[in-house]
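Undergrad: Fold the following and give me the result.
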Amino acid sequence: MSRITLITSGKGGVGKTTAAAAIGAGLAAAGKSTAVVDLDLGLRNLDVALGLETQVFWHIGDVLKGSISLKEALVESERYPHLMLLAAAQTVRQETLTKESLQRVLAELSGMAEHVLIDSPAGIGAYFQMILPLADEGIVVTAPVVSAVRDADKVLHLMEEAGVRKRSVIVNGVRPELLRTGAMMQPADITDVLGVELLGVIPDDDAVISCANEGRPVSGTKTPAGQAYDRIIRRLLGENVPIPPIKKKKGWFRRR
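TA: Down below sits the predicted model:
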């Protein structure tokens with residue numbers, strides 16, 4: 001049975017789309033048929049994060065309007081043979097986007113893939129709340145700062161109210177030197193506040209930026225962030241993988 005996972009955040013800029021791309025690519029690399037759906041309408045970036053922007057000719061708006069079939073709109077990745085992308089529309093009329101129409105698309109996708117990942121809009125707007133009941137699982141990406149954690153807490157409460165039973169958090173952009181001084185919140189303290197499972201801790205890593213600029217998901221790379229995402233993917237596949245401590249960088253310009 002397909003698993004629909006909503007990847008979201010309380011605020012923008014904390015790495016939600018990077019996480020969706022990394023997890024989607026990682027599941028596909030593990031041999032799992034995976035569909036990633038960009039529902040961050042108007043701010044389409046998931047195709048860029050996956051290096052598929054030149055292959056996008058149709059988007060979810062075209063599917064919802066009936067202009068094209070879902071199968072025709074899906075973009076398949078040569079790098080990850082088990083990965084499919086349904087791109088977001090840059091503009092789409094609000095009346096086209098209903099819970100029922102999205103439910104039909106997700107149901108069809110569920111028949112094609114073992115994992116369906118939704119890259120949702122950040123925040124808690126009406127459109128986000130419309131998507132919530134369609135997910136089996138929710139992953140909230142947050143930064144280790146009080147304002148981001150507060151927003152993540154609100155998102156998790158909305159997930160609970162919508163009946164999303166399995167909820168977890170990824171703490172992104174962690175810097176060990178700031179953890180030691182107390183300038184950043186400890187991941188364990190964050191999960192204590194939020195009351196959900198800690199799915200993973202992603203260290204602050206320049207590789208995230210370089211991979212994004214290359215249109216390459218960071219998962220599967222021999223970098224601290226890539227290895228952290230690889231552990232997250234293994235946890236999503238049911239392995240019991242411990243979360244190691246974040247190590248200090250060896251230098252300002254560390255070689256990889």
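Undergrad: Check the burial of Val37 by counting its neighbours.
TA: Other residues near Val37 number 27, with proximity taken as other C-beta atoms under 10 Å. For the C-beta atoms, the positions are set from N, CA and C on the backbone; glycine is no exception.
Undergrad: mind checking the SS state of it?
TA: Using DSSP: H, G, I helix; E, B strand; the rest coil, the structure places Val37 in strand.
Undergrad: Is it bridged to anything, and to what?
TA: Here Val37 sits in beta bridges with Leu86, Ile118, as judged by DSSP bridges.
Undergrad: Kindly give the local confidence score, pLDDT, for it.
TA: Each residue has a pLDDT score; the one for Val37 is 95.
Undergrad: Touching, it and Ile60? I think so.
TA: Yes. Contact criterion C-beta atoms under 8 Å: Val37 and Ile60 qualify, at 7.0 Å.
Undergrad: what is in contact with those two at once?
TA: In terms of C-beta atoms under 8 Å, 6 or more residues apart in numbering, Val37 and Ile60 are both contacted by the residues 86, 105.
Undergrad: Any regions of the chain where pLDDT drops low?
TA: 1, 42, 91-96, 247-256 (pLDDT under 70).
Undergrad: Run through the strands of it in chain order.
TA: 3-8, 34-38, 75-76, 83-86, 115-119, 137-142, 166-174, 197-203 (DSSP state E).
Undergrad: who touches the helix ranked longest in the chain?
TA: Secondary structure assigned by DSSP state H gives helix 146-161 as the longest helix of the chain. With contact meaning C-beta under 8 Å, 6+ apart, helix 146-161 is reached by 6, 8-11, 14, 123-124, 128-129, 132, 135, 138, 140, 142-143, 167, 169, 185, 190, 193-196.
Undergrad: ok, back up a step: including distance to Ser210, could the strands of the chain go into JSON lines?
TA: As requested, these are arranged in JSON lines below (distance: least, C-beta to C-beta, whole Å):
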{"stretch": "strand 3-8", "distance to Ser210": "22"}
{"stretch": "strand 34-38", "distance to Ser210": "21"}
{"stretch": "strand 75-76", "distance to Ser210": "23"}
{"stretch": "strand 83-86", "distance to Ser210": "21"}
{"stretch": "strand 115-119", "distance to Ser210": "21"}
{"stretch": "strand 137-142", "distance to Ser210": "20"}
{"stretch": "strand 166-174", "distance to Ser210": "15"}
{"stretch": "strand 197-203", "distance to Ser210": "15"}
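Undergrad: The ones you listed: which one's closest to Ala25?
TA: strand 83-86 (6.3 Å; C-beta to C-beta).
Undergrad: List the contacts of that closest one.
TA: Taking C-beta under 8 Å, 6+ apart as the rule, strand 83-86 contacts 24-25, 28, 33-38, 46-47, 50, 52, 56, 59-60, 63, 70, 73-77, 105, 109, 112-113.
Undergrad: In ChimeraX, select just the buried ones from these.
TA: Typed into ChimeraX, the line below selects the buried ones among the contacts of strand 83-86, using 16 or more other C-beta atoms under 10 Å:
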select :24,25,28,33,34,35,36,37,38,46,47,50,52,56,59,60,63,70,73,74,75,77,105,109,113
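Undergrad: among the contacts of strand 83-86, which are in helices?
TA: In helices, defined here by DSSP H, the members of these are 24-25, 28, 46-47, 60, 63, 70, 73, 105, 109.
Undergrad: Let's have those in JSON lines, adding distance to Gln227.
TA: Below are the ones in helices among the contacts of strand 83-86 laid out as JSON lines (distance: C-beta to C-beta, whole Å):
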{"residue": "Gly24", "distance to Gln227": "17"}
{"residue": "Ala25", "distance to Gln227": "14"}
{"residue": "Ala28", "distance to Gln227": "18"}
{"residue": "Leu46", "distance to Gln227": "22"}
{"residue": "Asp47", "distance to Gln227": "25"}
{"residue": "Ile60", "distance to Gln227": "32"}
{"residue": "Val63", "distance to Gln227": "36"}
{"residue": "Leu70", "distance to Gln227": "34"}
{"residue": "Ala73", "distance to Gln227": "33"}
{"residue": "Val105", "distance to Gln227": "34"}
{"residue": "Leu109", "distance to Gln227": "29"}
